[in-house]
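In: here's a sequence, model it:
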Amino acid sequence: MARTSRLLALLQILRAKRRPVTAAALAEELAVSERTLYRDIAELVAQGAPIQGEAGIGYVLRPGLFLPPLMLSEEETEAIVLGLRYVEQRGDDTLSRAASEAVAKIEAVLPPAALEIARNPVALPGPKRANFPENRVAIEVLRRAIRAQAKLRIDYGDLIGQATTRVIWPIAIGFMNETRSLAAWCELRQDFRHFRTDRIVAASEIGERYPGRRSQLVKTWRSQMDSLAKR
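Out: The predicted structure is shown next:
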């Protein structure tokens with residue numbers, strides 16, 4: 001592997017690691033000696049890469065480094081564009097606009113060959129759904145509560161139209177082909193529940209943060225969903 005390619009590969013590996021990784025492990029993954037690895041680390045640091053660590057302990061890439069899209073492979077370019085186009089078609093207004101802007105930013109820095117792949121990809125999203133069920137509560141209200149880890153009081157109508165009032169801890173919004181769904185911990189049921197956003201009649205924050213970390217709730221929820229899927 002040429003040194004330039006190796007340095008880029010090293011950055012990619014560090015970027016994917018959340019915890020310090022030893023020089024020995026990095027050298028093994030790159031198929032180089034530890035001496036070469038140390039030289040590569042020193043070169044990247046000299047060029048401004050925010051790598052923190054030392055020999056014998058491990059290295060980690062601090063936040064703040066952006067690897068430009070022009071480093072993407074053909075398959076990576078297609079995967080990103082496919083995902084963004086899917087969101088552009090099926091996301092709410094905020095996400096749809098953000099996806100469109102992100103595609104434009106990526107295309108602006110791609111070299112000609114990669115730009116051709118982005119604009120004429122092999123993989124395409126399915127046909128856009130004409131209309132989703134109308135929401136009475138804006139998705140942005142739900143998104144804001146999720147980010148703030150704020151408890152919500154909602155009025156929710158079930159399949160037969162019967163309304164209930166619940167206090168929930170919103171953790172994620174699911175975008176399906178036919179509907180959109182809010183995943184949350186329900187204080188009434190003392191369990192995770194999924195609420196179709198078009199059936200949420202009203203929603204308001206009650207001025208309380210739910211306990212713990214949202215990331216841990218999401219982890220528990222995913223584990224529960226995986227267990228149900230295996231049954």
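In: what's the neighbour count on residue 102?
Out: 17 (other C-beta atoms under 10 Å). Any C-beta I mention is one placed from the backbone N, CA and C, and that applies to glycine too.
In: now it. Nearest residue, chain neighbours left out?
Out: The shortest distance from residue 102 to any non-neighbouring residue, by C-beta to C-beta, 6 or more residues apart in numbering, is to residue 84 (5.6 Å).
In: my guess is the one you found contacts residue 99, does it?
Out: Yes: applying C-beta atoms under 8 Å, one finds residue 84 in contact with residue 99, separated by 4.5 Å.
In: ok, the residue nearest to residue 102 - contacts?
Out: Shown in contact with residue 84 (C-beta atoms under 8 Å, 6 or more residues apart in numbering): 99, 100, 102, 103, 106.
In: quick one, which of these are buried?
Out: 99, 102, 103, 106 (16 or more other C-beta atoms under 10 Å).
In: what pairs with the longest strand along the chain, parallel or antiparallel?
Out: If you go by DSSP state E, the chain has its longest strand at strand 163-175. Here strand 163-175 is paired, per DSSP bridges, with strand 150-157 (antiparallel), strand 180-186 (antiparallel).
In: return the member of the buried ones among the contacts of residue 84 nearest to residue 6.
Out: Nearest to residue 6, judged by C-beta to C-beta, of the buried ones among the contacts of residue 84 is residue 106 at 24.8 Å.
In: ok, that closest one to residue 216 distance?
Out: For residue 106, the distance to residue 216 equals 32 Å [C-beta to C-beta, to the nearest Å].
In: how about the contacts of residue 84 in TSV, adding secondary structure?
Out: Converted to TSV, the contacts of residue 84 look like this (DSSP: H, G, I helix; E, B strand; the rest coil):
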residue	secondary structure
99	helix
100	helix
102	helix
103	helix
106	helix
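In: number of nearby residues for the residue lying closest to residue 205 once chain neighbours are set aside?
Out: Nearest residue to residue 205, sequence neighbours excluded (C-beta to C-beta, 6+ apart): residue 150, at 4.6 Å. Counted with other C-beta under 10 Å, the neighbours of residue 150 add up to 17.
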